[in-house]
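A.B. asks: here are the coordinates; sequence isn't available:
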């Protein structure tokens, strides 16, 4: 199973370089045993970036030793595991602010300045 | 609230950020076995979704399905998605009563004709002209036929609505039947369980909100994402089953060691439901984890299957 995941990551990384858009492998939907998981973690290694996100529960986004491949673990508000995936992207898509939110923030800033 | 008010606006007012919402969508996509890319599409579509009208009819039932949903530990975004439905008629939750409630139902059905989602819990008694369950002088049978006529789709919540449930147990004195025997010309999603897992109900409703189509269903009309595997498939006691280690009574050494409950009548091997995977009460536990065998409550006829404590073979 680990070999199949690595093959899919290879395909997604090529797509990221070619089209600027990667993809994701949902680990929760795969019958990954502990041996598969260990093999994946060993093969992917650790990168330089770790992002912690507090949004509807705790999330940890770890860059792996393969630049552009992120190990993403989401937990819900009770701390229970909610979703786990390997994201292939420059930065995991959940991280950058959404333009609508930036716009709303800017409007709020202007309103405060006018007060 | 005007019609331009979208789900993301409503979530923002409750302090739910876009990232928390994206996380919920990623979790839901994973649970429903949708492609990973679907999470972002779901988030975009759900964020823009306007409040759909829902008519919720309760027939021969115990209100357990509603209790499961409203008293569950369903939290955060999931709870808010439920709040974001325009629940135009629900016996247990609505403030109106009597004729005012019936007028509200009729008005909602007329205003949203062809677009509202009809949710049904409870079976429908058809014996003797359906006289065994009525409200406002209308039999359950007539009300279901009337409400289904202009519905976009029907969701049968709970085993009573999906398969007849306890009211249909032998000798079935009221002639109780499931929704599927009455409504044959609308998309129908069966969400059985006594009661169903609340997150399964919200998952099905969220899927409808996004795609306006039923999710992939099995031959009994159940969403495959939640009912595709048996309780046995994901049971943490499964290794003991393969080792032939069975509890012989509820207080013997095997029971204390957490051995398989097959010989105590567990119906997990033939019951398709997500209890062992998603669990209950905020993913705390499920019946087998609490020491009792699965009753098979999401399967047709579980109430007449020969005894909850009788082994299957």
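C.D. replies: Now that the structure is in, tell me what you want to look at. No experiment lies behind these values; they were computed from the predicted model shown.

A.B. asks: so after the lowest-mean-pLDDT helix or strand in chain B, what's the next helix or strand?
C.D. replies: For chain B, counting by mean pLDDT, DSSP states H and E, helix B:76-83 ranks last in confidence among helices and strands (a mean of 62). Beyond helix B:76-83 on the C-terminal side, the first helix or strand identified by DSSP states H and E is strand B:86-89.

A.B. asks: Now stretch B:293-303: buried residues?
C.D. replies: B:293-300, B:302-303 (16 or more other CB atoms under 10 Å in any protein chain shown). In short, each C-beta sits where N, CA and C put it, glycine included.

A.B. asks: Export those residues to TSV and append columns for pLDDT, distance to chain A and secondary structure.
C.D. replies: Below are the buried residues of stretch B:293-303 laid out as TSV (pLDDT from 0 to 100; distance: CB to the nearest CB, whole Å; DSSP: H, G, I helix; E, B strand; the rest coil):
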residue	pLDDT	distance to chain A	secondary structure
B:293	97	24	coil
B:294	98	21	coil
B:295	97	25	coil
B:296	97	24	coil
B:297	97	23	coil
B:298	98	21	coil
B:299	97	24	coil
B:300	97	28	coil
B:302	95	28	helix
B:303	93	32	helix
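
A.B. asks: Which other helices and strands does the host helix or strand of residue B:101 contact?
C.D. replies: Element membership for residue B:101 (DSSP H and E) is helix B:98-111. Judged by 3 or more CB pairs under 8 Å, 6 or more residues apart in numbering or on different chains; DSSP states H and E, the packing partners of helix B:98-111 are strand B:53-58, strand B:86-89, helix B:140-149.

A.B. asks: what helices or strands is the longest one leaning on?
C.D. replies: To tie it back to what came earlier, the one meant is helix B:140-149. For helix B:140-149, the contact count by 3+ CB pairs under 8 Å, 6+ apart identifies strand B:53-58, helix B:98-111, strand B:117-121, strand B:124-125 as packing neighbours.

A.B. asks: could you check the angle strand B:53-58 makes with the longest one?
C.D. replies: Following axes from the mean of the first three to the mean of the last three CA atoms, to 10 degrees, one obtains 130 degrees for the angle between helix B:98-111 and strand B:53-58.

A.B. asks: picking that back up, right, so the helices and strands packed on helix B:98-111: which one is the most enclosed?
C.D. replies: Counting by mean count of other CB atoms under 10 Å in any protein chain shown, strand B:53-58 has the highest mean neighbour count of those, with a mean of 24.

A.B. asks: Any idea how far the next helix or strand after that one is from the middle of the chain?
C.D. replies: Using DSSP H and E, the helix or strand that directly follows strand B:53-58 along the chain is helix B:64-70. Centroid displacement of helix B:64-70 relative to its chain, using CA atoms, centre = their mean, to the nearest Å, is 9 Å.

A.B. asks: taking the mean pLDDT, what do you get for helix B:64-70?
C.D. replies: The pLDDT scores in helix B:64-70 average 85.

A.B. asks: Enumerate the positions of that helix that are buried.
C.D. replies: For helix B:64-70, the neighbour count (16+ other CB under 10 Å) marks B:64-66, B:68-69 as buried.

A.B. asks: That one packs against which elements?
C.D. replies: Looks like helix B:64-70 contacts helix B:198-211 (3+ CB pairs under 8 Å, 6+ apart).

A.B. asks: let's see 10 Å
C.D. replies: Identification of packing neighbours for helix B:64-70 by 3 or more CB pairs under 10 Å, 6 or more residues apart in numbering or on different chains; DSSP states H and E yields strand B:53-58, helix B:76-83, strand B:117-121, strand B:153-157, helix B:159-163, helix B:198-211.

A.B. asks: Relative to chain A, which of the ones you listed is closest?
C.D. replies: Nearest to chain A among the helices and strands packed on helix B:64-70 is helix B:76-83 (5.2 Å), distances taken as CB to the nearest CB.

A.B. asks: how about the strands in chain A?
C.D. replies: Secondary structure of chain A, counting by DSSP state E: strands at A:23-26, A:46-54, A:58-64, A:69-75, A:81-88.

A.B. asks: on that earlier part again, weakest of the helices and strands packed on helix B:64-70 in terms of mean pLDDT?
C.D. replies: Sorting those by mean pLDDT places helix B:76-83 lowest, at a mean of 62.

A.B. asks: Can you tell me the closest non-neighbouring residue to residue B:45?
C.D. replies: residue B:210 (4.4 Å; CB to CB, 6 or more residues apart in numbering or on different chains).

A.B. asks: try residue B:94
C.D. replies: Leaving aside its chain neighbours, residue B:94 sits nearest to residue B:101 (5.9 Å; criterion: CB to CB, 6+ apart).

A.B. asks: Next: residue B:301.
C.D. replies: By the measure of CB to CB, 6+ apart, the closest residue to residue B:301 outside its immediate chain neighbours is residue B:163, 7.1 Å from it.

A.B. asks: what does residue A:40 give?
C.D. replies: residue A:2 (4.8 Å).

A.B. asks: what's around the residue nearest to residue A:49 when sequence neighbours are not counted, how many residues?
C.D. replies: For residue A:49, ignoring the flanking residues on the chain, the nearest one in space by CB to CB, 6+ apart is residue A:63 at 4.0 Å. Residue crowding around residue A:63 was assessed by other CB atoms under 10 Å in any protein chain shown; the count is 20.
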